[in-house]
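Colleague: Sharing a sequence plus its predicted fold:
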Amino acid sequence: MAEKKTFPEHVAVIMDGNGRWAKAHNQPRLFGHNAGMQAMKRIVIAAQESGVRYLTVYAFSTENWKRSTEEVQGIFRLIVKYVESELRELKENNVHINILGDYSMLPEASVRSLETLIGETKVNDGLKFNICLNYGGRDEIARAVNELTVKRMEQGLTPAECPVTEEEIARYLYTGSEHFGIPDPDLIIRTSGEERMSNFLTWQAAYSELMFTDTLWPDFGPEEFKQMLSDFGKRDRRFGGRKEEGK
Ligand code: IPE
Ligand code: IPE
Ligand code: MG
């Protein structure tokens, strides 16, 4: 049972609405993705300032490959640009970056940039900034099950003798102790008025508080973010228990 928190230790964000923002400004979709990157930088700073320990952002889903090649390649080019312009500041600010998702499927230049980003920030012990790239919650669970099956076969363990537990599955997710060791998100924010999960943190979101805003991602700023962090304290998280039992 998780303890009662008045402040979210882990905040996850579905950064949605770049395309609609671009359309509203009579610009191509990539213009919106570029503005989305700027919004992301502002939220990283706001998270640090507020004392959030883990910030996880959904940047590209396993389903986003369905978009045009132009848009997909453009998004990946923006990642390289982001790393080039931000690496120094992220290092100075002690930010530790992890990538959740199989980013090996991205173009070579993006993979190289991401590896630099991971390598150069891995000793940092400040904000844990997790970027979900080619990430899907179902894909993550399937990968975890495959990994734990291999481990169990090596150890000669069968479910009959030793049933697979929730803890065991969780351990092999990207967020699990076999990988990055990230706690479940306390708060998940989605911008742009859509109210769905779109395959984000499917396992980990079981008891997350959800907040939705109509603001399109490029317009989402520190003020609204900090208001949400403060509103989190008013939520009554019961985790299936009862209030009077102090949960
Ligand atoms: C979110 O913005 C960014 C990605 C999914 C990569 P969208 O591109 O989904 O923007 P809308 O939903 O079309 O407005
Ligand atoms: C979710 O947004 C994925 C990211 C923000 C990266 P989408 O725009 O892809 O989600 P749907 O298609 O509206 O569900
Ligand atoms: Mg969208």
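Modeller: Structure's in. What do you need? Ligands and ions are numbered 1, 2, ... in the order given.
Colleague: Report back the residue of the protein that's furthest from centre.
Modeller: Distance from the C-alpha centroid of the chain, by C-alpha atoms, centre = their mean, peaks at Glu161 (35.6 Å).
Colleague: In contact with that residue, which residues?
Modeller: If you count contacts by C-beta atoms under 8 Å, 6 or more residues apart in numbering, Glu161 has none. C-beta here means a position set from N, CA and C on the backbone, and glycine is covered the same way.
Colleague: go on, Trp65?
Modeller: Contacts for Trp65 (C-beta under 8 Å, 6+ apart) come out as Val72, Asn134.
Colleague: Doesn't it lie inside a strand?
Modeller: No - assigned with DSSP: H, G, I helix; E, B strand; the rest coil, Trp65 falls outside any strand and is helix.
Colleague: State the distance from the residue farthest from the centre of the chain to ligand 1.
Modeller: 44 Å (C-beta to the nearest ligand atom, to the nearest Å).
Colleague: quick one, phi psi at that residue?
Modeller: When read as degrees, to the nearest 10, the backbone of Glu161 gives phi -80, psi -30.
Colleague: Check Phe129 too.
Modeller: phi -110, psi 110.
Colleague: With Ile14 instead?
Modeller: Dihedral angles (degrees, to the nearest 10) for Ile14: phi -90, psi 100.
Colleague: nearest residue to it other than its sequence neighbours?
Modeller: Using C-beta to C-beta, 6 or more residues apart in numbering and skipping the chain neighbours, the partner closest in space to Ile14 is Arg190 (4.0 Å).
Colleague: show me what contacts the one you found?
Modeller: Contact analysis of Arg190 by C-beta under 8 Å, 6+ apart lists Val13, Ile14, Asp16, Arg196, Leu210, Met211, Phe212, Thr213.
Colleague: Let's see the pLDDT reported for the second one.
Modeller: Spelled out, it's Ile14. In this model, Ile14 is scored at 99, pLDDT.
Colleague: Quick one: neighbours of it, just the number.
Modeller: Ile14 has 25 neighbours, counted by other C-beta atoms under 10 Å.
Colleague: and what of the first one?
Modeller: Using other C-beta under 10 Å, Val13 is surrounded by 27 other residues.
Colleague: Which other helices and strands does the strand or helix carrying it contact?
Modeller: Assessed by DSSP states H and E, Val13 sits inside strand 10-14. When contacts are defined as 3 or more C-beta pairs under 8 Å, 6 or more residues apart in numbering; DSSP states H and E, strand 10-14 sits against strand 54-61, strand 187-190.
Colleague: Leaving out chain neighbours, which residue sits closest to the residue in the chain that ligand 1 sits nearest to?
Modeller: When distances are taken as C-beta to the nearest ligand atom, the chain reaches nearest to ligand 1 at Gly19, 2.6 Å away. Closest residue to Gly19 apart from its sequence neighbours, by C-beta to C-beta, 6+ apart: Arg29 at 4.8 Å.
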